[in-house]
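Student: No sequence on hand, only this structure:
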């Protein structure tokens, strides 16, 4: 009887894991399709020959381990600050909260910000810039971004999907004011998920 129950348990775990991988693969594919479409339709696109240059985009394969459950801690008493950009200009942000999560058996923290310029236009939008040990190796040296929304927060929980990490436009061309990930968002691990370095890129 115990062996039968164990087999049922293992079969259930295998099925749930397979479903999770399939779900991550599907959502990542959809995200990247929209991401590529933005390069084609945006008038400010860093690509001159848009269709041809899309071939320079490179990505890690989707992995369910990089879709992590986080504890969200709101930071309501923060003051606005100037976040540096790679053009030398600054942009005003305010820290909205802190995400705590486990990856590879270790606990990590990342801060989430709100862009004050776009607060009235898109009040639900949140911004997560980060660097990790893959930066300037497998991934763009200037760090990568993840877009979030306040509606992603459920109580004190939020899911963070590194498969949807993308490069700032500064990775492809100059002339953009791309925020520099603050030091508090430098992870001591390599995040081998999301967008890689494009085939032709600058160094930061």
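Tutor: Received, thanks. All values derive from a computational prediction rather than experimental measurement.
Student: Against which helices or strands is the strand of greatest length in the chain packed?
Tutor: Longest strand in the chain, counting residues (DSSP state E): strand 90-103. Other elements packing on strand 90-103 under the criterion 3 or more CB pairs under 8 Å, 6 or more residues apart in numbering; DSSP states H and E are strand 67-74, strand 81-84, strand 106-115, strand 125-130, strand 157-161. Using the backbone N, CA and C atoms, a C-beta is placed for each residue, glycine as well.
Student: Include mean neighbour count and mean pLDDT when you put the ones you listed into CSV, please.
Tutor: Output for the helices and strands packed on strand 90-103, formatted as CSV (neighbours: other CB atoms under 10 Å; pLDDT from 0 to 100):
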stretch, mean neighbour count, mean pLDDT
strand 67-74, 16, 97
strand 81-84, 14, 97
strand 106-115, 18, 98
strand 125-130, 19, 98
strand 157-161, 18, 97
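Student: will you turn the ones you listed into CSV that also has distance to residue 27?
Tutor: As requested, the helices and strands packed on strand 90-103 are exported to CSV (distance: least, CB to CB, whole Å):
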stretch, distance to residue 27
strand 67-74, 8
strand 81-84, 28
strand 106-115, 20
strand 125-130, 17
strand 157-161, 7
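Student: Residue 39 is nearest to which of the ones you listed?
Tutor: Taking CB to CB, strand 125-130 is the member of the helices and strands packed on strand 90-103 nearest to residue 39, at 19.5 Å.
Student: now the angle from that closest one to strand 106-115?
Tutor: With axes from the mean of the first three to the mean of the last three CA atoms, to 10 degrees defining the directions, strand 125-130 sits at 130 degrees from strand 106-115.
Student: angle of the helix or strand that strand 125-130 is followed by against strand 125-130?
Tutor: Sequence-wise, the next helix or strand downstream of strand 125-130 (DSSP states H and E) is strand 144-149. Angle of strand 144-149 versus strand 125-130, following the same axes, to 10 degrees, is 160 degrees.
Student: angle of strand 144-149 against strand 90-103?
Tutor: 90 degrees.
Student: Output the contacting helices and strands for strand 144-149.
Tutor: On a contact count with 3+ CB pairs under 8 Å, 6+ apart, strand 144-149 meets strand 125-130, strand 157-161.
Student: Please repeat the previous calculation with a cut-off of 7 Å.
Tutor: On a contact count with 3 or more CB pairs under 7 Å, 6 or more residues apart in numbering; DSSP states H and E, strand 144-149 meets strand 125-130.
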